[in-house]
Each structure stands twice: as structure tokens, then as C-alpha cells.
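A.B. asks: below is the structure, and that's it, no one-letter string:
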């Protein structure tokens, strides 16, 4: 995640209107939504406004590392069942916090609030309303999964003969590195 730009920080202090952006990787392609009305353009992409018919729940701002179950919900019509037809397991959704300028445009660069690994999609129907909920887990969800690969000097040498990067790793653990511009 990039640090906030000076323009973003200034707008935040000045009380610029805030919005949430959701970028969801669905089987049919990446869908982009924002919690306002109409279409919002930013960085060459169009974000569809969902106003009051969508919600995000399950996120908290605690400093401890734990798994959060996050739900993206949106009201849909009968024709919209694309998210239900294909498996969404392992796909990602990103939630961003953005500020708007006086013209209703996004101030660069929105801050990434969370990356969610999607797990299941459910459809609720009742009282003439239909709602799709995409349920996933924050990045720490992967901490419970066993490691699929053990990185060792021997494996690195096998995969990339002649590479000596892992030979130097033990000596670099406590080394302080200062980067300076060229």
C-alpha cells in the first residue's frame, strides 16, 4: 500500500467528502462499485454507483492481527445472478477509501482499506427483494493455510543453477540497508 499523497492528506484535513470504492474480481470480469449515485471515473476505470442498495460489513480497525469475515452485499434484480453461477472462491475484492474534490472527482490516491479473499456467494430472496452477498476473509485468512513450499538455498540452486542469492541471506538478516536515489 502506498502512503497517502500530500493532496489526499490536505483534503482529509479540510474535510473533503469521503466515499468507499469496491473492486471485485468476479468470474465475468472485474466489477467496480462506489457508494454514491451515478458513474464515477477514476484512473481510466468506471465505478458504478450503488447508493443505498449496497453494504460492506465485518471490517474493524483493531490493531491486532486476526481474520475478519467480510460481506459485500448488493440488491439485484431477477436477471442478475452472474456471481452465483460460477465459483468465486479464491478471487479477490479490494475496498478503498477515497476523497472527492469540489467537482466530485476522486483525489489521488485512494487508500486501500482491505483486500478480501472471496469464499462464497449467497442469494437472499424475500418481500420482493433479492440480495447477493459475497463473503470472504481478510488477508490474514492465509495464515491458517499450510505453506505450500519451503524456500531453501538448495531449492533455489536447483530451480536457478548458479544463483547465489540465498547464500547471502543469513548475513543480511541484521544488516541495515539505506536506500538513496541514484
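C.D. replies: Yep, that arrived. Nothing here was measured: the structure is a model prediction, and the numbers come from that model.
A.B. asks: okay, and the beta partners of residue 132?
C.D. replies: residue 74, residue 123 (DSSP bridges).
A.B. asks: didn't it look like it was pressed against residue 125?
C.D. replies: No. Counting by Cβ atoms under 8 Å, residue 132 does not reach residue 125; the two are 10.3 Å apart. Where C-beta positions appear, they are placed from N, C-alpha and C, glycine not excepted.
A.B. asks: who's more crowded, the two?
C.D. replies: residue 132 (19 against 9; other Cβ atoms under 10 Å).
A.B. asks: residue ranges in the protein under the pLDDT threshold?
C.D. replies: Applying pLDDT under 70 to the chain flags the ranges 1-2, 52-55, 57-67, 77-86, 139-151, 166, 168, 171-173, 177, 182.
A.B. asks: do a quick rundown of the strands in it.
C.D. replies: 18-26, 29-34, 39-42, 45-49, 54-57, 69-76, 92-99, 111-126, 129-138 (DSSP state E).
A.B. asks: not counting sequence-adjacent ones, nearest residue to the residue nearest to the spatial centre of the chain?
C.D. replies: Nearest to the geometric centre of the chain sits residue 94, at 1.9 Å (Cα atoms, centre = their mean). Nearest residue to residue 94, sequence neighbours excluded (Cβ to Cβ, 6 or more residues apart in numbering): residue 23, at 4.6 Å.
A.B. asks: for that neighbour, what are its contacts?
C.D. replies: Contacts for residue 23 (Cβ atoms under 8 Å, 6 or more residues apart in numbering) come out as 30-32, 93-94, 96.
A.B. asks: and if we set it to 10 Å?
C.D. replies: Residues counted as contacts of residue 23 (Cβ atoms under 10 Å, 6 or more residues apart in numbering) are 30-34, 45, 47, 92-96, 112, 115.
A.B. asks: in PyMOL, select just the buried ones from the residues you listed.
C.D. replies: Restricted to buried positions by 16 or more other Cβ atoms under 10 Å, the PyMOL selection for these reads:
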select buried, resi 31+32+33+34+47+93+94+95+96
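A.B. asks: thinking again about what came up before, in a markdown table: the strands of the chain, plus distance to residue 156.
C.D. replies: Below are the strands of the chain laid out as a markdown table (distance: least, Cβ to Cβ, whole Å):
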| stretch | distance to residue 156 |
| --- | --- |
| strand 18-26 | 31 |
| strand 29-34 | 34 |
| strand 39-42 | 40 |
| strand 45-49 | 38 |
| strand 54-57 | 41 |
| strand 69-76 | 36 |
| strand 92-99 | 28 |
| strand 111-126 | 28 |
| strand 129-138 | 31 |
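A.B. asks: out of these, nearest to residue 8?
C.D. replies: strand 92-99 (6.3 Å; Cβ to Cβ).
A.B. asks: helices and strands around that closest one, which ones?
C.D. replies: helix 6-13, strand 18-26, strand 29-34, strand 39-42, strand 69-76, strand 111-126, strand 129-138 (3 or more Cβ pairs under 10 Å, 6 or more residues apart in numbering; DSSP states H and E).
A.B. asks: please consider this matter closed, and thank you.
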